[in-house]
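S.K.: Sequence and predicted structure below; questions after.
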Amino acid sequence: MNISNGQKIVLAMTGASGAVYAVRLLDVLLAAGCDVHVSISPAGQAVLAQELQLEVDLQNVTRNELLPATLDIFHLDTRFPALRAVLGDAPLATHGAGGSTAGSFTYHHHQNLFASIASGSSLTAGMVVCPCSGGTLSGIAHGTSTNLIQRAADVHLKERRKLILVPRETPLSIVMLDNMRRCVEAGAIVLPAMPGWYHEARSLRDLVDFVVGRICDQLGIENQLMKRWGEE
């Protein structure tokens with residue numbers, strides 16, 4: 001299945017390390033013309049600030065707070081040294097999915113269980129939890145639905161829609177492995193943030209794009225974020 005312009009994708013950012021994957025994925029989804037519905041946990045907010053110096057107000061997160069410039073050219077000035085160091089100075093969207101239509105951005109507070117994405121009647125083309133913390137993984141595995149992120153994930157499982165979980169943790173305990181197994185058995189895709197090296201990576205950006213590209217593959221979003229095996 002290929003995602004077309006305007007299709008709804010849910011993107012949840014939680015408290016695992018790897019906020020750069022979430023920001024880059026948001027950029028690519030919007031460049032592909034997706035209608036992206038975003039929710040961020042308090043721990044996810046803290047990781048965005050600690051790793052990327054991106055300060056967001058959970059009461060009302062804006063697109064420009066997560067992508068602090070225009071979509072077409074991601075200007076990284078001295079306010080974002082960590083993001084510059086990881087991604088470099090090139091515009092983000094020029095390396096995205098190749099879409100020419102910018103998608104839309106909708107934010108939902110993590111405690112708002114009346115949000116549209118809390119209901120199976122709100123149609124989506126999939127959900128990504130990136131990065132996915134151990135606590136969020138556990139909540140999804142056991143169906144606790146203690147916040148909107150867990151509830152939306154539960155909705156995607158019960159509706160048999162694509163749910164992609166992107167953990168970033170090492171080593172893995174038997175508890176985390178068992179929770180991953182539970183999620184996979186329920187229908188989720190566990191896609192750890194494990195960059196490959198066979199695509200001739202030359203920078204940290206290449207490693208970030210490898211993971212984001214694999215997420216996009218699972219969503220059916222065409223992309224040229226990495227050199228694929230067997231390509232010249």
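M.R.: Done, it's in. Numbering: from 1, shown residues only.

S.K.: Name the spans of the chain whose pLDDT lies under the cut-off.
M.R.: Where the chain drops to pLDDT under 70, the residues are 1-5, 69-101.

S.K.: What ranges does it have for its strands?
M.R.: Ranges of strands in the chain, per DSSP state E, are 8-13, 35-40, 104-107, 127-132, 163-167, 189-190.

S.K.: Tell me, how many residues neighbour residue 153?
M.R.: Using other C-beta atoms under 10 Å, residue 153 has 30 neighbouring residues. Glycine gets a C-beta too; all of them are placed from N, C-alpha and C.

S.K.: To residue 141, which of the strands of the chain lies closest?
M.R.: Proximity to residue 141 (C-beta to C-beta) singles out strand 163-167 among these, at 9.5 Å.

S.K.: Return the list of strands paired to that closest one, each annotated with direction.
M.R.: strand 127-132 (parallel), strand 189-190 (parallel) (DSSP bridges).

S.K.: now, of those strands, which is deepest in the fold?
M.R.: Across the strands paired with strand 163-167, the average number of neighbours (mean count of other C-beta atoms under 10 Å) peaks for strand 127-132, which reaches a mean of 30.

S.K.: Which strands and helices lie in contact with the longest helix belonging to the chain?
M.R.: Longest helix in the chain by number of residues (criterion: DSSP state H): helix 204-219. The contact analysis (3 or more C-beta pairs under 8 Å, 6 or more residues apart in numbering; DSSP states H and E) places helix 204-219 against helix 19-31, helix 81-87, strand 127-132, strand 163-167.

S.K.: Would you mind giving the strands paired with strand 163-167 as a markdown table with distance to residue 150 added?
M.R.: Formatted as a markdown table, the strands paired with strand 163-167 follow (distance: least, C-beta to C-beta, whole Å):
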| stretch | distance to residue 150 |
| --- | --- |
| strand 127-132 | 9 |
| strand 189-190 | 16 |
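
S.K.: Out of the ones you listed, the one nearest residue 62 is which?
M.R.: Of all the strands paired with strand 163-167, strand 127-132 comes closest under C-beta to C-beta, at 19.1 Å.

S.K.: Good, we can wrap up now.
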